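[1] here's my sequence, what's the structure:
(chains A, B, C and D)
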4 protein chains.
Amino acid sequence: MDFTFDATTEELREKLLAFMDEHVYPAEPVFHEQLAERENPWTSVPVVEELKAEARKRGLWNFFLPGEHGAGLTNLQYAPLAEITGRSPSLAPTALNCAAPDTGNMEVLAMFGNEKQREQWLQPLLDGEIRSAFAMTEPDVASSDARNIATRIRRDGTDYVINGRKWYISGAMNPNCRIFIVMGKTDPDAEPHRQQSMILVPRDTPGVHIKRGMHVFGYTDGDHGGHAEVVFDNARVPADNLIAEEGSGFAIAQARLGPGRIHHCMRLIGMAERAIELMCRRATAREAFGKTLAQQGVIQEWIAEARVRVEQLRLLVLKTAWLMDTKGNKGAHTEIQAIKIATPTSVEWILDKAIQTHGAGGVSQDFPLAELWAAARMLRLADGPDEVHKRSLARRELKRYL
Amino acid sequence: MDFTFDATTEELREKLLAFMDEHVYPAEPVFHEQLAERENPWTSVPVVEELKAEARKRGLWNFFLPGEHGAGLTNLQYAPLAEITGRSPSLAPTALNCAAPDTGNMEVLAMFGNEKQREQWLQPLLDGEIRSAFAMTEPDVASSDARNIATRIRRDGTDYVINGRKWYISGAMNPNCRIFIVMGKTDPDAEPHRQQSMILVPRDTPGVHIKRGMHVFGYTDGDHGGHAEVVFDNARVPADNLIAEEGSGFAIAQARLGPGRIHHCMRLIGMAERAIELMCRRATAREAFGKTLAQQGVIQEWIAEARVRVEQLRLLVLKTAWLMDTKGNKGAHTEIQAIKIATPTSVEWILDKAIQTHGAGGVSQDFPLAELWAAARMLRLADGPDEVHKRSLARRELKRYL
Amino acid sequence: MDFTFDATTEELREKLLAFMDEHVYPAEPVFHEQLAERENPWTSVPVVEELKAEARKRGLWNFFLPGEHGAGLTNLQYAPLAEITGRSPSLAPTALNCAAPDTGNMEVLAMFGNEKQREQWLQPLLDGEIRSAFAMTEPDVASSDARNIATRIRRDGTDYVINGRKWYISGAMNPNCRIFIVMGKTDPDAEPHRQQSMILVPRDTPGVHIKRGMHVFGYTDGDHGGHAEVVFDNARVPADNLIAEEGSGFAIAQARLGPGRIHHCMRLIGMAERAIELMCRRATAREAFGKTLAQQGVIQEWIAEARVRVEQLRLLVLKTAWLMDTKGNKGAHTEIQAIKIATPTSVEWILDKAIQTHGAGGVSQDFPLAELWAAARMLRLADGPDEVHKRSLARRELKRYL
Amino acid sequence: MDFTFDATTEELREKLLAFMDEHVYPAEPVFHEQLAERENPWTSVPVVEELKAEARKRGLWNFFLPGEHGAGLTNLQYAPLAEITGRSPSLAPTALNCAAPDTGNMEVLAMFGNEKQREQWLQPLLDGEIRSAFAMTEPDVASSDARNIATRIRRDGTDYVINGRKWYISGAMNPNCRIFIVMGKTDPDAEPHRQQSMILVPRDTPGVHIKRGMHVFGYTDGDHGGHAEVVFDNARVPADNLIAEEGSGFAIAQARLGPGRIHHCMRLIGMAERAIELMCRRATAREAFGKTLAQQGVIQEWIAEARVRVEQLRLLVLKTAWLMDTKGNKGAHTEIQAIKIATPTSVEWILDKAIQTHGAGGVSQDFPLAELWAAARMLRLADGPDEVHKRSLARRELKRYL
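    Presented below is the predicted three-dimensional model:
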């Protein structure tokens, strides 16, 4: 057992930390100004493209993707890098071409796409030229149970025709989002885990209606293309847009979600570190009732508790990454669930205390805390609510004694 | 000891419940449509004026204000009515002319204003013709300690000249907000609780700069005039705009805050009831893993816990109202702090669970839950963060043993 | 609505507070000395009998029992008196002949016993001459679901013969405990709520084996006759020992539990007040790191939170008592469950903080806190674990929307 | 970074697991029988000596002690072994001669004792022939601030004379406890961290009065020699009983406490694993309301939460052990505090849920849960209450920003 990072990781961490200090943090105020000034509230802004160019030049690119198509890092090597990007989550993941949902979509295309699909869609995504969306969640069913998905993907000659309603399709409001991976049912009569398929649907396909941007506690997340409600009304695509074969949708979803969940958790830890830093800076700078906040016992209690929680979370995320590397995603199933259960809740708690330390400023647009909070809160729901993961994890634990 | 409402309360409750069913709930979707369509994002919309007219016609008006100027209700009579308005907090309190911050400002004018001030500002407020704001919180100091307030109100001949920066001045973005009550220092050298004064500053006074609307977790609260950052740059008003006398600002603030806090708590309880109702409706309607959510043990646990908490909170709020009626606001000091500590936190918890029960819908604009949550969360900070109230309450408890 | 106690209550409160100050608190150290010196570790001690005599002389007797047999108080009148006894829970309830399980047993006999049963057992209990036990819980089944009770009460000629194993039969180790009310099945084939009956079994009946005293976190509660494991091995009693008629056991149990639960909650609130007092006294007396504990922010937070919780709990208990008086125990069903859910948990939390404030002394025999904690913790299980009550309360809430 | 144990650890884990299965678990009921039958309630019992002999024969001995005197393991190697012993904490640590407070005392003697002290006291302790105690905590001061210690160690010719009152001196009621390491002040006028010294005081020294055994939530812990109150009344020992030199007491205490705290945390994790196992076994075996407890959502939630917490705690403890090995105890200061803050609280929570799952049995002597709970709760106080560690950890975090 050894808790040091390997040389590759240390080298990349240093490079990334330098990039954060020299480019990302200074870009934050610029980013907000440009967002306020843009015309289309769903597009990205120039400073992001500049950061992408700089990151790619520095070799800080596609870290998330193992194998030939990406940077070739292990999950364990990627984890501390993803954490660092989480300190500026509106900018750094995108700058490094490591932002959801593109990352998961690229993984799907790299693993399950055929050559033509990879050429047409994977390559421009790897190059950061286009964005993509993953259309799974539906408003009318409990989508945490993927078997509930009701969207139909019906074969019609050499095409598939898609009908259904999706929402919270992240990134899909952005006109530069060009391609959707849509999950739906090709065969409602097959056995429950073989009914679903995934299919590539270009955003400009007739019958694809982008209805509106869904909110997250008042935020539209317009800088990342928002979260769209999308109606598929007889949207028709060629049959070879299907990913892998009919009935493989559930399995692909499972394969996609493991890495997605750990990436979220890695970044959440960086968000927590940012929150602790902001909380400490505020506490040492502000006075009330004759003492700095930092001298108040209650705020000390929060800071200690925050530090103790983050240290535990980080180790569990790192161990999970190591398990994924050494035993595969299935071998890390329990641990992936464990970090998905533990991380958003704890980081939400830390952000809440950082907000409280900032007074009204904490809930405002002048500090990143409220927006980070909403992101952490959302992750108690996204990719399945905590309760579903707890239920599943407990059942596995109980099975040992049956 | 007796837990029944008196006849007046019962009668008004019935009238109000009918008004809610017949007018307020049906107006909610209309309200959101009109908000989406208006041009100025800080103004109110026609449906609100219609509700106000109807409420006034029905005798549901100015319930909050005891004495000759208002409806003449006690706090104990008002409490269950305010609770009901909290079930639709964007519409009902305004419809009844019982919305903050006007309520507190009317109280100040009724209690401390001179005849001219009452005529000029109190009357149109009582008639629901104009709105007002209360400018106390400052970005640069811990405003929970009112002695930190840095805005200067300097006497200059027959005028006062005001300089300072305020933020989170609720309602002030609304052009129909005509008058500010501004808290500042007239004498920084007086003893700490006699340095502050309050003064009336019309919104259109030269030197009053409305800079921007502050956000609350992504919400602008534009339907209620938002939360403005306001700079006073040599804003000059006649000397007789001062409320009461120089040095009385701290005492007036204290007098204003007691009722303000209990009104918030009353409405929060109505918000909690709305959340429980929505949670139960969702839980009985939606299925996952072969059972309705209502049949899942964890959600039952939430519902029970929510019910148990609300019952306790309501009783403490009612008792506090009764104490204010029988022993005055000072006699209810501990209890007012107690409900301010207990209510936002518990209601925030209940809203969180209601959100979780709704999945992604819970954080969206399609249900009121996320916006209610932000309001409850804000109240853990507004009028002083919980920690300040706890500290003060504990010190009083400890004094018995010193 | 009115939050003042009536004249009777105020008068009795004053008398009781005087008795506490003059007799009960001074008796506490004597009690512990006598306990340490007695030979049989399950008997009471002389000081308790002295307190009983004094209390009866002062008219502080059988407050718990409404109607002709008791003091004739309402639940609302009794509640604040029971709270006061909870401040010294090992002495005061017994001193006033208001201690469980005798209270519940006297209620059962008063309500359901026939004249002979009342003469033989109720009278000496009302006079505080003997003690009694209630034998319901069984080690081998989840006894919170009374339908699981497995003990058999079989008719055999003019007798009933009882077979089964019970545990946590409070008071039963005490030789002065003379009579058991035993719950068991007379007809396992009847419909689920008509299978059970209750029967009187004198402790010295052949076939009644008192096996051992069960512990509660290391405490034997020997001063109150402990918590016995009892085996009934063909214990035979005359048929007219049956209470009411065959099949009425479930209904009697329900009737008995409502008052029992609220009495526990009333006393728990007194325990919480004692804990707050001890916490404040310790905090003001002890120094660490250059300040008294009372000046540490974290301890102030605990004290405030404790005060805020107690005020809420008390009001809900009082309202529940009022509902029982005005609408009957059934009309107060939800509220009884609510206080049973809320009170032990909150009081346990308060006691935990009081313990922490006392350092190692807090867990020791030198302060009452650890023992009170164990009593509060036990009440999260006794009379049904919290989870069962929450489940039931939630189902009733959900029914409104089905 | 690597999460596998090394070969030595794996080999010892296997041997230890076999010893647990073959000897320790089977000895548990025997242990309780022998405890019930012994005459002196503070002595150990034969089965413990048998386990010690067997463990030593198997090479499972003195694992805790690095260097020449002990087994030569690193902290990282010892951690998973100590965890396993925590699954049966009344037997296994003693069986392996790895029980507190002897472990800490042996460390002190190994590190700071002179040759004669090591010969006389370290050797019989290493051989498991005698027991020892560490006399630091005092009833009259907040002992978490070691500078408060009031016991005097006064030089008198060739002797030291000791006066003071200590309590919670674990193990000291046991007649086989032969030697105390006593902390006291040799020079109250020195600078605060140089006033204290440690000195060896044989238990049979005239003037050493063992007053009574202190309780922990009703438990006397008599199987481990209890927790004594001890008065030193002019107890006189030769001057060369002093450990190291005058004024070094504070530093030695710090050196002793680091390993002591991590050992407690290691064992707590084993206790948590035992609790989860018992909770799962009970949940699968018991039915209520027509389902096994394992099928109830609330209990699944507890099990998942317990698993998620334990995985995090274990990793932080292991990392701390690794830091102690690689950077020394000072380099691991923050992490030692972090595990001391996190572990007892979380394990207490897990034990509470395991107790609740067991109904009344959970608080009884029939399952180990209640006693384990008391041990975990005590560790929120022992070696300094959580609040002291949080305050200190937070101050270090805040220093980065000052």
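
[2] which strands or helices does the helix or strand where A:R395 lies pack on?
    If you go by DSSP states H and E, A:R395 is part of helix A:386-399. Contacts of helix A:386-399 with other secondary structure elements, assessed using 3 or more C-beta pairs under 8 Å, 6 or more residues apart in numbering or on different chains; DSSP states H and E, are made with helix A:333-357, helix B:297-331, helix D:249-285, helix D:297-331. C-betas here are computed from N, CA, C, even on glycine.

[3] what's around A:P202, how many residues?
    For A:P202, the number of neighbouring residues by other C-beta atoms under 10 Å in any protein chain shown comes to 14.

[4] which residues touch it?
    Taking C-beta atoms under 8 Å, 6 or more residues apart in numbering or on different chains as the criterion, A:P202 is in contact with A:R178, A:I179, A:F180, A:V208, A:V237.

[5] by neighbours, which of the residues you listed wins?
    Most neighbours among the contacts of A:P202, by other C-beta under 10 Å: A:F180, with 29 neighbours.

[6] I'd assumed that one was in a helix, is it?
    No. Judged by DSSP: H, G, I helix; E, B strand; the rest coil, A:F180 forms no part of a helix; its state is strand.

[7] which residues touch it?
    Contacts for A:F180 were tallied using C-beta under 8 Å, 6+ apart; they are A:S132, A:A133, A:F134, A:A135, A:I169, A:A172, A:L200, A:V201, A:P202, A:R203, A:V208, A:V230.

[8] can you classify A:S143 as helix, strand or coil?
    Remark: A:S143 carries the secondary structure label coil [criterion: three-state DSSP].

[9] spatially central, which residue of chain A would that be?
    The centroid of chain A falls nearest to A:A100 when counting by C-alpha atoms, centre = their mean (4.1 Å).

[10] where's that one relative to chain C, distance?
    As for A:A100, its distance to chain C is 36 Å (criterion: C-beta to the nearest C-beta, to the nearest Å).

[11] isn't that residue right up against A:S170?
    Yes. When contacts are counted by C-beta atoms under 8 Å, A:A100 is listed as touching A:S170 (7.0 Å).

[12] show me chain A divided up by domain.
    In terms of domains, chain A is parsed into A:7-126, A:131-248, A:250-399 (source: automatic domain parsing).

[13] secondary structure element holding the residue nearest to the centre of chain A?
    Under DSSP H and E, no helix or strand contains A:A100.

[14] on that earlier part again, buried ones in the helix holding A:R395?
    For helix A:386-399, a neighbour-count test (16 or more other C-beta atoms under 10 Å in any protein chain shown) marks A:D386, A:E387, A:V388, A:H389, A:K390, A:R391, A:S392, A:L393, A:A394, A:E397, A:L398 as buried.

[15] report the angle between it and helix B:297-331.
    Here helix A:386-399 points in a direction 130 degrees away from that of helix B:297-331 (axes from the mean of the first three to the mean of the last three C-alpha atoms, to 10 degrees).

[16] turn the buried residues of helix A:386-399 into CSV, including pLDDT.
    Compiled in CSV, those are given as follows (pLDDT from 0 to 100):
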residue, pLDDT
A:D386, 96
A:E387, 96
A:V388, 95
A:H389, 96
A:K390, 97
A:R391, 97
A:S392, 96
A:L393, 97
A:A394, 97
A:E397, 97
A:L398, 97
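
[17] need those residues in CSV with distance to A:W373, can you?
    Compiled in CSV, these are given as follows (distance: C-beta to C-beta, whole Å):
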residue, distance to A:W373
A:D386, 16
A:E387, 20
A:V388, 22
A:H389, 21
A:K390, 22
A:R391, 26
A:S392, 26
A:L393, 25
A:A394, 28
A:E397, 31
A:L398, 34
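
[18] give the burial count for A:E10, as a bare number.
    For A:E10, the number of neighbouring residues by other C-beta under 10 Å comes to 13.

[19] the one 3 residues further on now?
    When counting by other C-beta under 10 Å, one arrives at 16 neighbours for A:R13.

[20] is it true that it touches A:I84?
    Yes. Taking C-beta under 8 Å as the definition, A:R13 is a contact partner of A:I84 at 6.9 Å.

[21] around chain B, pick out the residues from the stretch 201-350 of chain A.
    If contact is defined as C-beta under 8 Å from any C-beta of the partner chain, the residues of the stretch 201-350 of chain A in contact with chain B are A:214-220, A:286-289, A:293, A:296, A:298-299.

[22] what distance do you get for the residue of chain A found nearest chain B to A:Q365?
    Ranked by C-beta to the nearest C-beta, the top residue of chain A for proximity to chain B is A:G218, at 2.7 Å. Applying C-beta to C-beta, to the nearest Å, one obtains 11 Å for the distance of A:G218 from A:Q365.

[23] list the residues that contact both of the two?
    Common contact partners of A:G218 and A:Q365 (C-beta under 8 Å, 6+ apart): B:H215.

[24] more neighbours, those two?
    Taking other C-beta under 10 Å, A:G218 and A:Q365 do not tie; A:G218 has more neighbours (21 against 18).

[25] which residues of the stretch 1-150 of chain A fall in strands?
    Listed from the start of the chain, the stretch 1-150 of chain A has strands (DSSP state E, counting those that start in this stretch) covering A:131-135.

[26] count the neighbours of whatever residue of it ends up closest to chain D for me.
    Of the stretch 1-150 of chain A, the residue with the smallest distance to chain D, taken as C-beta to the nearest C-beta, is A:D2 at 4.7 Å. Neighbour count for A:D2, taken as other C-beta under 10 Å: 13.

[27] does it touch D:W322 like I think?
    Yes. With contact taken as C-beta under 8 Å, A:D2 and D:W322 are classed as touching, separated by 7.3 Å.

[28] is it true that the residue of chain A closest to chain B touches B:L372?
    No. Between A:G218 and B:L372 no contact is recorded; they are 11.6 Å apart, counting by C-beta under 8 Å.

[29] give the residue farthest from the middle of chain A.
    What lies farthest from the middle of chain A is A:G290; by C-alpha atoms, centre = their mean that is 43.0 Å.

[30] chain C versus that one, what's the distance?
    A:G290 sits at a distance of 12 Å from chain C (criterion: C-beta to the nearest C-beta).

[31] do the same with A:A394
    From A:A394 across to chain C, the span is 15 Å (C-beta to the nearest C-beta).

[32] rewinding a little: for the residue of the stretch 1-150 of chain A closest to chain D, which non-adjacent residue is closest in space?
    Nearest residue to A:D2 in three dimensions, chain neighbours excluded: D:D2, at 4.7 Å (C-beta to C-beta, 6 or more residues apart in numbering or on different chains).

[33] could you do A:L12 as well?
    Spatial nearest neighbour of A:L12, excluding adjacent residues (C-beta to C-beta, 6+ apart): A:L81 at 5.8 Å.

[34] that neighbour contacts A:E14, doesn't it?
    No. Taking C-beta under 8 Å as the definition, A:L81 is not a contact partner of A:E14, at 10.8 Å.

[35] tell me which of the two has more neighbours.
    More neighbours sit around A:L81 than around the other of A:L81 and A:E14, counting by other C-beta under 10 Å; the figures are 26 against 10.
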